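Enquirer: Turn this into a model:
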Amino acid sequence: MASTSTKQDIESHQSKETTPLLQGTVSSESDIETEISAAQAAFGAAFKSAASLAKHLPTGTVLVFQILSPVFTNQGTCDHVNRIMASCLVAFLGLLVVFFNFTDSFKDSSGTVRYVVATRTGCWVIDGTKIPSSVTVELYKLKFIDFFHSFMALMVFASVALFDNNIESCFYPVMSYDTKQILTAVPLATGLIGSVMFVVFPSTRHGIGFPISTS
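Expert: Alright, predicted model coming up:
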């Protein structure tokens with residue numbers, strides 16, 4: 001009986017020592033998996049948000065960039081000429097993004113959409129036609145908010161461009177850990193701030209590359 005009691009005490013002692021250790025290990029592994037899943041979800045949400053930034057940009061510029069970026073960068077494998085071409089592409093499309101934010105549109109009596117450029121006194125019709133008398137020119141004149149929208153649109157476009165794999169591989173084929181963190185965080189933060197600003201200060205213009213007004 002004494003031997004049996006001693007054996008039970010030893011087994012009970014071993015069970016007390018082993019069980020918490022195993023539970024702690026399982027709990028630790030579960031916590032690590034949860035943290036990894038949370039990090040993956042956050043990372044995925046970040047890139048999803050970055051991809052949705054394009055809705056604040058003229059659709060034509062984004063489409064042209066997505067088509068020409070692989071061509072100009074040789075799918076990310078760049079030499080000196082490719083870098084110059086890619087730089088010119090980003091700069092040119094950036095200027096278009098700024099310019100398009102100063103454009104607007106209206107429908108004439110026949111229902112044809114006419115695009116105009118905002119000026120200090122009113123607007124200038126791009127195709128050179130005369131402005132109909134039914135159009136209130138003062139509604140299209142240049143405002144301070146136009147400069148704000150163009151600047152934020154340029155920042156958002158820069159964020160979209162920096163998130164492009166071909167552009168990243170072209171200009172930073174081998175990057176340090178710090179550089180990678182900067183190229184991930186800064187464009188995303190800039191783009192998200194720009195998105196918030198577009199929501200807080202929405203644009204009433206319907207220029208080139210933006211949805212046409214139904215009125």
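Enquirer: For the residue nearest to Val186 when sequence neighbours are not counted, list the residues it contacts.
Expert: Distance criterion Cβ to Cβ, 6 or more residues apart in numbering; nearest residue to Val186, sequence neighbours excluded, is Leu162 at 7.9 Å. Every residue, glycine included, has its C-beta placed from N, CA and C. Contacts for Leu162 (Cβ atoms under 8 Å, 6 or more residues apart in numbering) come out as 168, 183, 186-187.
Enquirer: In a markdown table, list those along with distance to Pro132.
Expert: A markdown table is the format used below for those (distance: Cβ to Cβ, whole Å):
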| residue | distance to Pro132 |
| --- | --- |
| Glu168 | 48 |
| Leu183 | 49 |
| Val186 | 46 |
| Pro187 | 43 |
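Enquirer: closest to Val81 among these?
Expert: Glu168 (18.4 Å; Cβ to Cβ).
Enquirer: confidence score at that closest one?
Expert: Looking at Glu168, its pLDDT stands at 85.
Enquirer: got it, and Gly24?
Expert: Reading off the model, Gly24 has pLDDT 47.
Enquirer: Tell me where the protein has strands.
Expert: For the chain, the strands defined by DSSP state E cover 103-107, 113-118, 123-125.
Enquirer: which one of the ones you listed has the most crowded surroundings?
Expert: strand 103-107 (a mean of 21; mean count of other Cβ atoms under 10 Å).
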